[in-house]
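Colleague: Any chance you can model this:
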Amino acid sequence: MYSIRQIYKSMYEAVNGICDKIYIQDRPQSIDKRIASYMLLEINSSITNEEQNPDGEYNMFSGIVRFVLFVRNRTSANNFNAVNIDALEEKFKMLMSKFPVSDDFVFITRPYVLMSGNDGSDFHYVAVNASIKTK
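Modeller: Sure thing, here's the model as predicted:
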């Protein structure tokens, strides 16, 4: 049987070091002003059993996971919510360079950009969905 904890652990270990903080499933209501960036890791869909036998003996499951990258906006007198496009692009490239993610438990492939925008809390974000298969 698959392990939700192990899926998050594999995702975390793959992207650790890209942002100041990493959160699992839910982001906090407020973010410390010193944090310039953070990433949110989500299991974004149901996990489907891919085996002919429904008991999960071979641990072959698939689904979609999401990596959401947040970068603090630049603030100036002329524009209080300006996207820090350089930092966002740098961290996005770092994230994309991690694919495919493969360890003893998961294989995460086929990343695609889902959405991006201003979160209304002084950060711009880019979301990347990817396919996951457990081993």
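
Colleague: Next, the contact list for residue 125, please.
Modeller: 68-71, 116-117, 119 (Cβ atoms under 8 Å, 6 or more residues apart in numbering). All C-beta spots, glycine's among them, are computed from the backbone N, C-alpha and C.

Colleague: Those residues into TSV, with extra columns for neighbour count, pLDDT and secondary structure?
Modeller: Below are those laid out as TSV (neighbours: other Cβ atoms under 10 Å; pLDDT from 0 to 100; DSSP: H, G, I helix; E, B strand; the rest coil):
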residue	neighbour count	pLDDT	secondary structure
68	21	97	strand
69	24	96	strand
70	26	95	strand
71	25	94	strand
116	15	86	strand
117	11	89	strand
119	13	87	coil
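
Colleague: Can you pull up the most central residue in the protein?
Modeller: In the chain, the residue lying closest to the centroid (Cα atoms, centre = their mean) is residue 67, at 1.3 Å.

Colleague: which residues does it contact?
Modeller: When contacts are counted by Cβ under 8 Å, 6+ apart, residue 67 touches 11, 15, 39-42, 95, 111, 127-128, 130.

Colleague: Could you identify the most distant pair in the residues you listed?
Modeller: 40 and 111 (15.2 Å; Cβ to Cβ).
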